[in-house]
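Q: structure for this input, please:
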Amino acid sequence: MTALAVLHEVFGFESFRGAQAEIVAHVGAGGDALVLMPTGAGKSLCYQMPAIQRAREGRTTIVVSPLIALMHDQVGALRELGVSAELLNSTLDAQQAAEVERRLLRGDLTLLYAAPERITTPRFLALLDTLHTRGRLALFAIDEAHCVSQWGHDFRPEYRGLAVLHERYADVPRIALTATADALTREDIVERLQLQGARLFVSSFDRPNIRYTIVEKRDATAQLVRFIEREHAGEAGIVYCQSRRKVEELADTLCRHGIEALPYHAGLPAEVRQAHQDRFLREDALVMVATIAFGMGIDKPDVRFVAHVDLPKNIEGYYQETGRAGRDGLSADAWMAYGLQDVVNQRRMIDESPAPEEFKAILRGKLDALLSLAESTDCRRVRLLAYFGEDSQACMNCDNCLHPPTTWDGTEAARMLLSTIYRVQQTSGIAFGAGHILDVLRGKATEKVAQYGHERLSTFGIGAAYSETQLRAVLRQLLALGALGVQPVALSSGRSFDTLVLTEASRAVLRGERTVRLREAAASAARSEARRRDRSARPRLAAAAAALDAAAQARFEALKAWRAGVAREHNLPAYVIFHDATLAAIAERRPRQLDALAQISGMGAAKLEKYGAAVLVVCAGPDDVPGDADADPGQR
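A: The predicted model follows:
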């Protein structure tokens, strides 16, 4: 059977997307591959298709997956397609695990999912040895492959042990897949997994349906509440915070504003985290407030926004997290509030790290790239894609393209700031934080200013013409340029505070050799309202239920209600049964025969057999009798 025939019969699709066909052919022929493909572009199909084809020879594909929840959802989805799939993880008792192992050795499984920690155990390797001896190993698929790299944003040391797969089973093809990896991370993946001979497939990283917006942080909580209420009321979203405490406080605040939200972080009991994740996957309109402990492998297609109220560590992490929005191809938002303290915190964490200086330098470079994105006044998407080595043009779907910011020359203000920092430290012999520096520059007669005699400095009050907001933007830019450094100072209480110090790069700014241009610090209420109106009016970027007429919309809602019941019965997320796009197509076409239903994208043979008659009944009007619907009354 050809790959296209399998694609249609099992998955219900008429054609491959992007490089999928080429990857499937290469891996199916026994080649190794490293696949970089953005979230929602169909990475899983790149190994599931060869696995299904090679299963016809009695061979099993082993999938390395980092998360239990991801394994459960992917195995459940495959079973819905009629594919024999299992998992081995800590949720199984000894008897269940033994039965999975027996099925594996009998050759009953097409795919087996397991975590890297399990795969590298002597017991599991012994199972693989037996399969290998019998010629039953089809393929090793290493998902979320960036986890193997120390430069990857979700580094998992356990992934390093996966090199054993090549060492012991060199004749078994391998495919490593990730949605996010810059050039440094790619090199690390190749080296750590011994994929030097693998063919590299790099798809475009562009997610045109996602609108990128970065706002100046004032009151991040209030800004977030307004963003959700005005643009995503009643829709699913993810909010990322840096600390566990902030996660819980923010989730509580959203609930008090009538936005149903759940917290998720590593400090919660495992059963609570699992319950919250299950609710998020299975219910509509929930907002998950989380640390980065949440999200990898989340397949929920209808996440309409991802918000950051704290700055991520690097562009890879930012891209991976924002990519969890809009997997269904419909319009979605990536929104971030960003301020001076974010830059200070991230710089401090790098500087205080016990890592070697070479490692710190690379981390600083990655942070600088993200700060450049945040401070940019040109197209966000162009900058984001350039980081991954991809050329592009202005997208007209980010805040800078839609509402080009007004800029001002902050070079003179930057020189005033640096001069003030120099003179304050020179006269006092100690470094100070941003608040005191700004007080001196703006001429504020505070107790601390009087205590140290800083009102007598030549720079006292010379920046009075600038607002504190403007000067904080200048500080942020200087930190982003590396023209300012952060130096933590320990207190007798055991706590510490951050001070500002000059760097080698400060000289170029002080001499006027480097220009500092900044966006206007504050947008007017009118521009904010214009953004809100524009967002609510912009069209979806893919066919959806919103484009249906009233009758088809009613059918769509009826189909969703039916799907919810089936999902509860099977204990699966609703999108595993059918995606919204498939239901919208059914509602629009209103098929009356199983043959017609089979032509709809996403309706594979197994799903047609299981659900076809029931779907026809749901679509039928009160006076209609759908053809073939009586073929199996038990499906109603």
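Q: any weak-confidence spans in the stretch 351-500 of the chain?
A: Within the stretch 351-500 of the chain, the segments meeting pLDDT under 70 span 490-496.
Q: for it, what spans make up the helices?
A: For the stretch 351-500 of the chain, the helices defined by DSSP state H, counting those that start in this stretch occupy 357-375, 380-387, 399-402, 411-428, 434-442, 447-452, 468-481.
Q: which neighbouring elements make contact with the fourth one?
A: Under the contact criterion of 3 or more CB pairs under 8 Å, 6 or more residues apart in numbering; DSSP states H and E, helix 411-428 touches helix 434-442, helix 447-452, helix 468-481, strand 496-502, helix 506-510. Yep, even glycine has a C-beta here, placed from its N, CA and C like the rest.
Q: and the third one, by the same measure?
A: Taking 3+ CB pairs under 8 Å, 6+ apart as the contact definition, the neighbouring helices and strands of helix 399-402 are strand 210-216, helix 380-387, helix 525-537.
Q: got the contact list for that helix?
A: The contact list for helix 399-402 (CB atoms under 8 Å, 6 or more residues apart in numbering) reads 211-215, 376-381, 394-396, 531, 534.
Q: just the strands in the stretch 251-400 of the chain please.
A: Remark: strands of the stretch 251-400 of the chain, listed N- to C-terminal, are 261-264, 287-290, 303-308, 332-338; assignment by DSSP state E, counting those that start in this stretch.
Q: which among the contacts of helix 399-402 end up buried?
A: Neighbour counting by 16 or more other CB atoms under 10 Å classes 211, 212, 213, 214, 215, 376, 379, 380, 381, 395, 531 among the contacts of helix 399-402 as buried.
Q: could I get these in CSV, plus columns for distance to residue 27?
A: Formatted as CSV, the buried ones among the contacts of helix 399-402 follow (distance: CB to CB, whole Å):
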residue, distance to residue 27
211, 34
212, 33
213, 38
214, 38
215, 43
376, 38
379, 35
380, 34
381, 31
395, 32
531, 44
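Q: between those, which is closest to residue 49?
A: Using CB to CB, residue 381 comes nearest to residue 49 of the buried ones among the contacts of helix 399-402, at 30.3 Å.
Q: ranges for the helices of the stretch 101-250 of the chain?
A: Across the stretch 101-250 of the chain, reading from the start of the chain, the helices by DSSP H, counting those that start in this stretch fall at 116-119, 122-133, 163-168, 183-192, 220-231, 244-256.
Q: what helices or strands is the fifth one leaning on?
A: For helix 220-231, the packing partners by 3+ CB pairs under 8 Å, 6+ apart come out as helix 244-256, strand 303-308, strand 332-338, helix 525-537.
Q: so for that helix, what gets flagged as buried?
A: Taking 16+ other CB under 10 Å as the neighbour-count basis, helix 220-231 is seen to contain the buried residues 220, 223, 224, 225, 227, 228, 231.
Q: okay, the residues you listed in JSON lines with distance to residue 508 next?
A: Below are the buried residues of helix 220-231 laid out as JSON lines (distance: CB to CB, whole Å):
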{"residue": "220", "distance to residue 508": "32"}
{"residue": "223", "distance to residue 508": "34"}
{"residue": "224", "distance to residue 508": "37"}
{"residue": "225", "distance to residue 508": "41"}
{"residue": "227", "distance to residue 508": "37"}
{"residue": "228", "distance to residue 508": "42"}
{"residue": "231", "distance to residue 508": "41"}
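Q: now do the same contact list for the one residue sitting closest to the centre of the chain.
A: Central residue check for the chain by CA atoms, centre = their mean: the C-alpha nearest the mean position is that of residue 321, 2.2 Å away. Contacts here follow CB under 8 Å, 6+ apart; on that basis residue 321 touches 238, 240, 292, 295, 306, 308, 312.
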